[in-house]
Every structure is written in structure tokens, then in C-alpha cells.
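> Compute the structure for the input listed below.
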Amino acid sequence: MYLFDEMPYLKNEVIELRQMTKEDAKQLEDFCRDRSVYTYLPTFLYEQKYQDPLLAIDHMREECFDTGESILLGIYPVNDPGRFMGIAEFYDYDRRKNKVSIGCRLAKEYWYQGIAYQAIWMMMEYLEQKIRIRTVTLHIMTHNKASQKLALKLGFEKRYENIWEDWGREGPVLVDKYVFQFKENPKMDIEKSV
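All right, here's what the predicted structure looks like:
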């Protein structure tokens, strides 16, 4: 199975990651207006493309998923599935190289509660078990110490330091690139050789 074959739905006992709906529009609007959410992020993220959050949600599937550009999933608590907490994203999928970049952004009220850890962990499990992805990357601004600690806690290795990337800001941004490589699945190797 390939990443864009189906829209993921991920759930554990605490949070779920699913496609956003029109009911999320007001909370998405508040989320996008909070400058603190975007302190360490690019300026061109999809949810900020439209002034009207309903338009962003309406066009999200066709402009992101259907084009193979990215997958944006809302993050919600299992005990209150109508409460929007943030966005989990799969992007830069390279089917030939079997790799993808991921990330998440949370409303400020959910920082430092383990939500980002759980969201990324579920995304990683999905990529390993369902998609059989080989390499996952995180691109983290060098000043974002909390996300760097999270990447290391999740088992990512800092492979590239102080890379200049265009994040839509005035001039390039210094970024560290973290890489996670899943071990080769022996069963998959056998299947390839048959």
C-alpha cells in the first residue's frame, strides 16, 4: 500500500487523527490566528492559504491529498472528539525512495502534555505497519529546542545541522534535519526476491 491510497484514520486511547470537517472551521480559524503556534514553522502552511477556514477545509482533500502533496489530519481528544487540538501532517512523500517527512502543530494550550509525542508515534506506527515506509524525516528550526528533544525521544537521529531552507520568511531559515530509518523487514526482502 502507498501513502496516498487512502486517507489515514489513527486512534489510540488518548487522541485520534482524522480528516477535518466543516465543524472544525471555527476552531481552525482560532488556531491559525494564534501567532505562537507558528513561531517555528514555515509561513506557507496549507491551513493558512484561505482567509475563510471553511474554504481551506472544503478544498483540503482535493488540493493536498488528491494531488499527493500532503495529508493533513486534525488531532482530537478521544473523550471529546469535537475539540480540535492541532494538525498532523505527512508531506514530501517520495514513493521511489520510500521516504516521507512528517510533523505536527498544536494549539498552545496543548503544548508540553505529550500530545505531539503521541501524534508522531501513531504516525510512525502507521508508516511502518501499513505503508512499510523506510525513512522518515523531521525538519526542525534550530531554535526549536522542545521539538528537537521530542525528535530524539522518539528515536530520530540528527543527521544534518544548520541547513538553510526556504520557509517563506525573510531570507532562509536554519534547520536541523532528523532522520528515522526503520529496519528492513526480512519478510519484505523475501517477497521482493520472489
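> Low-confidence ranges, the protein, go.
185-194 (pLDDT under 70).
> Please work out how many residues are found near the nearest residue to P42 once chain neighbours are set aside.
Excluding the flanking residues, the one nearest P42 by C-beta to C-beta, 6 or more residues apart in numbering is W167, at 3.8 Å. Quick note: C-beta positions are derived from backbone N, CA and C, even for glycine. W167 has 18 neighbours, counted by other C-beta atoms under 10 Å.
> In contact with the residue nearest the centre of the chain, which residues are there?
For the chain, E89 is the residue whose C-alpha lies nearest the centre (C-alpha atoms, centre = their mean; 2.5 Å). Each residue near E89 by C-beta atoms under 8 Å, 6 or more residues apart in numbering is listed here: S70, I71, L72, L73, I102, G103, C104, R105.
> if we go to 6 Å?
S70, L72, G103 (C-beta atoms under 6 Å, 6 or more residues apart in numbering).
> Repeat that for L138.
The neighbours of L138, taking C-beta under 6 Å, 6+ apart as the test, are A151, F156, Y178.
> 10 Å instead?
By C-beta atoms under 10 Å, 6 or more residues apart in numbering, the residues touching L138 are 101-104, 120, 147-148, 150-151, 154, 156, 158, 175-180.
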